[in-house]
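A.B. asks: Here is a sequence with its predicted model. Questions after.
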Amino acid sequence: MKVLLLPGSLRKESFNAQLLATARRLLPSGVETTLIEAAQLRWPLYDGDIEAKGIPQEIQTFGALVTSADALIVASPEYNGSIASPLKNTIDWVSRLRPVPWEEKPVLLMSASPGGLGGMRAFSHTRVPFDGLGSYVYPTYFSLGRAHEACSGEQFKDEKKTIELKELLTEFLGWAKKLKS
Ligand SMILES: Cc1cc2nc3c(=O)[nH]c(=O)nc-3n(C[C@H](O)[C@H](O)[C@H](O)COP(=O)(O)O)c2cc1C
């Protein structure tokens, strides 16, 4: 099983990147992972004039990674109650490739925020483009509130949250495997 872990923030000390690193550590052994670094997402804003000259090579390379993954785990901040712009830009660029790499991909949505709600208000927005592109968004989401206190590199300080995430990851991968077969 190949899992691609995708952040929605470009920030160096991103809590969402830390959440992804924690998720990667908690995945069952035998799962092959590719963790995307924020620096890899620094493509230009989607622009039809750029596209007219050819989809940039780095987007094509990233699209091939999405295509080869069996499942995606996305950890993205909530911006103003909605989807974060770096993630939306990534979804939009990759949606221009054919066949569309997002199609039929199982997707787990997660979010971390210093706020108490952990970015959960954005989930219903973040799933919209994935739904529209034919991805299979898992119905349960994971949010981490008070992230500045809860995160500690590749782990959470709270054991309960760690167990919650580990269980969700196992459920999600089981579901993704069923979809694949
Ligand atoms: C433009 C902008 C809008 C934001 N809106 C929200 C919001 O609606 N809800 C929330 O919980 N945090 C919001 N935040 C705070 C982010 O959750 C916080 O900056 C977080 O650290 C971003 O994620 P990161 O650490 O992965 O970069 C916003 C931040 C920015 C820059």
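C.D. replies: Noted; the coordinates are in hand. Everything quoted here is computed from the prediction, not taken from an experiment. Numbering: from 1, shown residues only.

A.B. asks: the helices in this structure, which residues?
C.D. replies: 15-26, 48-52, 57-68, 85-94, 123-132, 147-150, 159-180 (DSSP state H).

A.B. asks: which stretches of the chain have low pLDDT?
C.D. replies: Along the chain, no part satisfies pLDDT under 70.

A.B. asks: near the ligand, which residues of this protein show up?
C.D. replies: Selection of the chain residues close to the ligand by CB under 6 Å from any ligand atom yields 9, 11, 14-16, 77-81, 112-115, 119. Bear in mind the C-beta positions are built from the backbone N, C-alpha and C, glycine included.

A.B. asks: Out of the helices of the chain, the one nearest residue 5 is which?
C.D. replies: Nearest of the helices of the chain to residue 5, taken as CB to CB: helix 15-26 at 4.6 Å.

A.B. asks: How about that closest one, which residues are buried there?
C.D. replies: 15-24, 26 (16 or more other CB atoms under 10 Å).

A.B. asks: now that helix: how far from the chain's centre is it?
C.D. replies: On the basis of CA atoms, centre = their mean, to the nearest Å, helix 15-26 sits 11 Å off its chain's mean C-alpha point.

A.B. asks: so of the helices of the chain, which one's packed in deepest?
C.D. replies: helix 15-26 (a mean of 23; mean count of other CB atoms under 10 Å).

A.B. asks: Output that one in CSV, but only the C-alpha positions, please.
C.D. replies: The C-alpha atoms that make up helix 15-26 are tabulated as CSV, following Å, rounded to 0.1, in the frame of the first residue of the first chain:
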residue,chain,number,x,y,z
PHE,A,15,1.6,22.3,12.7
ASN,A,16,-0.1,20.5,9.8
ALA,A,17,3.3,19.3,8.6
GLN,A,18,4.0,18.1,12.2
LEU,A,19,0.6,16.3,12.2
LEU,A,20,1.5,14.6,8.9
ALA,A,21,4.8,13.5,10.3
THR,A,22,3.0,12.1,13.4
ALA,A,23,0.6,10.3,11.2
ARG,A,24,3.4,8.8,9.1
ARG,A,25,5.0,7.4,12.3
LEU,A,26,1.7,5.9,13.4
